[in-house]
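Undergrad: Coordinates for the following, if possible.
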Amino acid sequence: MESVGGASGAYVSRIGRSSNRKLYSDSGKSSRSLASNTKLFTTAAYLERVGGEGRLETRLFARGRRTGGRERTLKGALILVGDGDPALATPGFADQRNLPLTSLGPLARSVKDARIRTVKGDIIADPTIFDGQKTVPVPGVNPDAGDLPSLSGLSFNRGTEDGRYAQSPAKNAGDELEDELRDIGVRVTGKVRVRGASANTLGSAPLALMRSPTAKTLAKQTNTPSDNFYAEMLLKRLGTSRGKQGTTKRGAKRAEKFAKKAGSGVNMVNGSGLARTNTSSPRKVVKLLAHMRGDDSEKSAFFDSLAIAGKTGTLSGRMRNTAAEGSCRAKTGTISGVSALSGYCRTGGGLVAFSILMNGVNVDSARRAQDEMATAIARFG
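TA: Numbers count the residues shown, from 1 in each chain. This is a model prediction of the structure:
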């Protein structure tokens, strides 16, 4: 670590069911910028709240009255209500990018199954489970330095449109629903409009709903490839509560509160780590890792969400042909001058949690040092 220079710190601990034992610390209590190690706090807090098998629900309501022969005309509106699901997309979009998928196709088929063939009215796309902010604060970081498409409570195709960040993901979701309806023979005479649904609508039974992939799957997509978009969507969803929209600020506060409850601690301004003011210490990161190790669904989901050294995600090309390959799982973190690596290694001496936070460094040199350190940890015992 000394060879890298800068302001670096590390903390290593063997963790067990009954007690934890510190193995190494160098500036382990000093606060550092986390970069994408912030995602550890985001996903841990989200999983703790909803569990590994928790799912989000995009709902479709039919409002109005049925008319015409066999009552096959809905004189009113279809209302598509988002739940902050980051996986809502077309199958082709998700397949090309190896992303989890929530498709709108089943919702369209539910309209036809309800014997509706014509909708004389609009499709209302409701993204108001979140506030209207499409991006997040990124103090100290060039906003173009990391991929962060448009955020929305009713997202679609990962917040993108024709290779660019979408102006209105909610409208795009509504347009896709209309296209799906047309393809199966259901005609909509009105337009797609973006606005909030009424309280009466939200309090009624939906015509149908579409559940997202599990929280375990969403956390894995966040951590293994280090997906900024997923991290920020999960943080805003964490910030929702009855009668309150999801906001980045509220989600960050709840993640901070969870970290404190877990015996750790963090300062957060967003969920992805695209900010120099997302900070914690190596010791506090290890405290979080120790808290999140266990057999509960959310804890096993957290462990499984991390990239495997030499095998998957952001670690697929690192630590190959070393003791760490296949034995260590970790979260990387990179912004200009900042590099981090925190996670677990299965060793002969038991399970070891570690956190290496390096600030003011050359990123390539830092990664080489981190790989050597993780390899040394993997050989422990």
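Undergrad: surely residue 293 meets residue 353?
TA: Yes: under the contact definition of C-beta atoms under 8 Å, residue 293 touches residue 353, with a separation of 7.3 Å. The C-beta positions use only the backbone N, C-alpha and C, and glycine is treated the same way.
Undergrad: list the residues that contact both of these two?
TA: Both residue 293 and residue 353 are contacted by 15, 344, under the criterion C-beta atoms under 8 Å, 6 or more residues apart in numbering.
Undergrad: Quick check: residue 327 vs residue 375, distance?
TA: Counting by C-beta to C-beta, to the nearest Å, the gap from residue 327 to residue 375 is 9 Å.
Undergrad: Looking at those two, which is more packed in?
TA: More neighbours surround residue 327 than the other of residue 327 and residue 375, with 21 against 18 (other C-beta atoms under 10 Å).
Undergrad: pretty sure that one is touching residue 348, no?
TA: No: the pair residue 327 / residue 348 is not scored as a contact, 10.0 Å apart, by C-beta under 8 Å.
Undergrad: quick one: the helices in the protein?
TA: Taking DSSP state H as the criterion, the chain contains helices spanning 38-50, 91-97, 105-113, 169-183, 199-202, 215-223, 228-238, 248-261, 282-291, 297-304, 363-378.
Undergrad: closest one to residue 146 among the ones you listed?
TA: Proximity to residue 146, assessed across the helices of the chain by C-beta to C-beta, is greatest for helix 228-238 (5.2 Å).
Undergrad: Show me what that closest one packs onto, helices and strands only.
TA: In terms of contacts (3 or more C-beta pairs under 8 Å, 6 or more residues apart in numbering; DSSP states H and E), helix 228-238 is packed against helix 38-50, helix 215-223, helix 248-261.
Undergrad: got the angle for it vs helix 38-50?
TA: Here the directions of helix 228-238 and helix 38-50 differ by 40 degrees (axes from the mean of the first three to the mean of the last three C-alpha atoms, to 10 degrees).
Undergrad: Relative to the whole chain's centre, how far out is helix 228-238?
TA: Taking C-alpha atoms, centre = their mean, to the nearest Å, one finds the center of helix 228-238 at 5 Å from the center of the full chain.
Undergrad: and that helix, C-alpha only, in PDB?
TA: Listed in PDB are the C-alpha atoms of helix 228-238, where the atom choice follows Å, rounded to 0.1, in the frame of the first residue of the first chain:
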ATOM      1  CA  ASN A 228     -24.700   3.400 -11.500                       C
ATOM      2  CA  PHE A 229     -28.300   3.600 -12.900                       C
ATOM      3  CA  TYR A 230     -29.400   0.600 -10.800                       C
ATOM      4  CA  ALA A 231     -27.800   2.000  -7.700                       C
ATOM      5  CA  GLU A 232     -29.500   5.400  -7.900                       C
ATOM      6  CA  MET A 233     -32.900   3.800  -8.700                       C
ATOM      7  CA  LEU A 234     -32.600   1.500  -5.700                       C
ATOM      8  CA  LEU A 235     -31.600   4.400  -3.400                       C
ATOM      9  CA  LYS A 236     -34.600   6.500  -4.500                       C
ATOM     10  CA  ARG A 237     -36.900   3.500  -4.000                       C
ATOM     11  CA  LEU A 238     -35.400   3.100  -0.500                       C
END
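Undergrad: Quick one: neighbours of residue 265, just the number.
TA: Using other C-beta under 10 Å as the criterion, residue 265 is surrounded by 18 other residues.
Undergrad: Backbone dihedrals for it, please?
TA: Backbone torsions of residue 265, given as degrees, to the nearest 10, read phi 180, psi 150.
Undergrad: So it versus residue 176, what's the distance?
TA: According to C-beta to C-beta, residue 265 stands 42 Å off from residue 176.
Undergrad: How about residue 134?
TA: When C-beta to C-beta is the yardstick, residue 134 and residue 176 sit 19 Å from each other.
Undergrad: what about those two, which has more around it?
TA: Residue environment comparison for residue 134 versus residue 176 gives the larger neighbour count to residue 176, 23 against 17, counting by other C-beta under 10 Å.
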